[in-house]
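Visitor: Below is the structure, and that's it, no one-letter string:
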């Protein structure tokens, strides 16, 4: 028998002292039962897919996800974008991703050149993109069952293991690239980490722990989603090295490091370290996870003090995901409170109509300041990637539908719009920023950047939040309306969802059941469902409480062939900026609409003159006959998911200079009141109206309130009421 490589010997030694880790890696050999899982117990509904046993479901969860192998996507706009990304993952050479690692380890690069972007031979963030690429390959394998993705992931894992071995062989030598501890793996020497501990700033160093996280996350995903035990061994070595660097540092030094702009950015390092603790039970990994506590922001979030203005958004969003993971492992409630409070500071207070993050560049703006932040370099795609992860995890703990309402807004908004609607073998064609300024254009590409990496992952896992179950398996949550099939063998059920969301304005979706048993089926009622949410079971309309933003519950014993038909008709709606009600956006159901225009000034729209009593916006914003396309004020509006490089306006300015009711003018200025809403805003916000009498009543009340505040004269009040009474508006 040949001698074991040193790295493997180290891993086996560590695992021998950790029964939980040994059982997690080799449940059959250890005589252990397969762990209780968050979705699947190491099996798969896709033929031939090999995965590691999932981690045990945390006791704090009330809802759990299904493994990606259990949900298969049908044809849709999302699947189209996924397939474009899968094509890139399939064709782009893995050796190019590995080149910077092999160079750093002194190994042959096989003639491959780095991808470029931030991935160059001297880039301070080099190596991070390979982590994204490895995660995306593993997710692609889990989602499709195609072995080409696993084989490519395994190739990368093997190569990364060779690099880790080569670096470990230098420990204790005089080589200038020698790491301080075995297990180190990066595409550059350890110098950046040492300089951070000496408080070096960007751009002298550039987020070394961020890069470390992406490599560790890629390896953990290769273990979890592609069953690579070698990947787990490599990432455990990295965890040992991380503990050796941070475990002895005082809290004051750590806090100072994590405050440093960009240089101190560490992405979701506490998540991967908490995952290693969950896998092995070794306290050093949990200790290291807590080394990443960013004390000043953590304490502020626990106290619900909003200090986010001017903070680097994506530097901090993943930290709160890490706090949730630490809460799951320790039960320390402060970590959950921090994550929950942080989320509430962002949504809706720093969110655009498409779910993007409001601010300046990569920085959070002030609370409730939306219109004043609109500029070209905003709404970084990485931010919403991490907010989706945080929303999903908070849902596990609470089953609160608000997290899935945001998830839908962002998925059907910025995420669907973040991939260009064309294919490429050499470029991921993903966005970095998604600007919302007048006359903006999306720019696609980002090979080698952070958003070009998170975008690969996002588009490879659209199925992961369509369905969830209660932890006891008695309830199934349908949270997204996407064509898909759920295979749930533990319950003997298969659920097939047929729908044309988000391109069908009828908003219909049909769930077909195969199998049987008692189940509480909970259907999420979209926040935008203004025209109702109807449910039929086997053709019979159900009496349900369908409050927008909540759930409809169907408890019954289900049988093969049962059909649940859902209808949530799309309606046009206006969303006002929190800080300036005159700055507005238009959406149709879950889909943001944008004005086609290259003008660099806001478009001014006048709409109230065309309102019917029903307040149906389709009288003011009219369908063109083309799918999901409208016209108003001589302008064309199209769905934001048409991902091209044309100029667009996501927001416009409301221009309603005179108070009018249909074609009945008053000659009175439509001024904003104390709350910045105009007279017509206040009137129509009280609609829709059954008849003209309802309109007159609303006008009377608003006029009386304004007159009492001295904003209208008695004559103006009477003029407005008489004009409303004689106006002829369609119903």
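Guide: Thanks, I have it. Predicted model only: the values in this text are computed from it and were never measured.
Visitor: Just give the nearest non-adjacent residue to residue 244, would you?
Guide: Sequence neighbours aside, residue 181 is the residue nearest to residue 244 in space, at 4.1 Å (criterion: Cβ to Cβ, 6 or more residues apart in numbering). Every residue, glycine included, has its C-beta placed from N, CA and C.
Visitor: could you list every residue that touches that neighbour?
Guide: For residue 181, the contact set (Cβ atoms under 8 Å, 6 or more residues apart in numbering) comprises 171, 240-241, 244-245.
Visitor: and of those, the nearest to residue 723?
Guide: Nearest to residue 723, judged by Cβ to Cβ, of these is residue 245 at 73.4 Å.
Visitor: Summarise which helices and strands the helix or strand containing that closest one is packed against.
Guide: Using DSSP states H and E, residue 245 sits within helix 229-246. Other elements packing on helix 229-246 under the criterion 3 or more Cβ pairs under 8 Å, 6 or more residues apart in numbering; DSSP states H and E are helix 6-16, helix 19-25, helix 147-168, helix 208-226, helix 269-280, helix 283-291.
Visitor: To residue 623, which of those lies closest?
Guide: Using Cβ to Cβ and comparing these, the one that lies nearest residue 623 is helix 147-168, at 41.5 Å.
Visitor: quick one: that closest one to helix 208-226, angle?
Guide: Here helix 147-168 runs at 140 degrees with respect to helix 208-226, directions being taken by axes from the mean of the first three to the mean of the last three Cα atoms, to 10 degrees.
Visitor: what's the average pLDDT for helix 147-168?
Guide: Taken as a whole, helix 147-168 has a mean pLDDT of 98.
Visitor: One more: stretch 469-484?
Guide: Over the span of stretch 469-484, the pLDDT mean works out to 98.
Visitor: how distant is it from the center of its chain?
Guide: Stretch 469-484 has its C-alpha centroid displaced from the chain centroid by 18 Å (Cα atoms, centre = their mean, to the nearest Å).
Visitor: how far does that stretch stretch from start to finish?
Guide: End-to-end distance of stretch 469-484: 16 Å, with Cα to Cα, to the nearest Å as the criterion.
Visitor: repeat for stretch 460-475
Guide: Between the opening and closing residues of stretch 460-475 there is a gap of 26 Å (Cα to Cα).
Visitor: Could you do stretch 635-652 as well?
Guide: Using Cα to Cα, the span of stretch 635-652 from its first residue to its last is 11 Å.
Visitor: Over to stretch 663-679?
Guide: With Cα to Cα applied, stretch 663-679 spans 17 Å between its terminal residues.
Visitor: That stretch: which residues count as buried?
Guide: Judged by neighbour count using 16 or more other Cβ atoms under 10 Å, the buried positions of stretch 663-679 are 664, 666, 668, 670, 673, 677-679.
Visitor: and which of those residues is nearest to residue 381?
Guide: Out of the buried residues of stretch 663-679, the one with the shortest distance to residue 381 is residue 677. That distance is 32.8 Å, counting by Cβ to Cβ.
Visitor: hang on, the earlier thing: now rank the contacts of residue 181 by neighbours and give me the top one.
Guide: Neighbours here are counted as other Cβ atoms under 10 Å. On that basis the top member of those is residue 241, with 26 neighbours.
Visitor: For that one, give its distance to residue 385.
Guide: Counting by Cβ to Cβ, to the nearest Å, the separation of residue 241 from residue 385 is 27 Å.
Visitor: Domain-wise, how is the chain divided?
Guide: With domains defined by automatic domain parsing, the chain comprises 465-565, 572-726.
Visitor: can you list the weak-confidence ranges in this protein?
Guide: Per-residue confidence of the chain (counting by pLDDT under 70) places the weak regions at 1-45, 47-48.
Visitor: Contacts made by stretch 615-633 with the rest, please.
Guide: With contacts defined as Cβ under 8 Å, 6+ apart, stretch 615-633 is touched by 503, 505, 571-574, 586, 588, 591, 593, 603-612, 636-639, 684, 687-689, 730.
Visitor: what do you get if the cut-off is 7 Å, keeping everything else the same?
Guide: The contact list for stretch 615-633 (Cβ atoms under 7 Å, 6 or more residues apart in numbering) reads 503, 572-573, 586, 588, 591, 593, 605-607, 610-612, 636-639, 684, 687-688.
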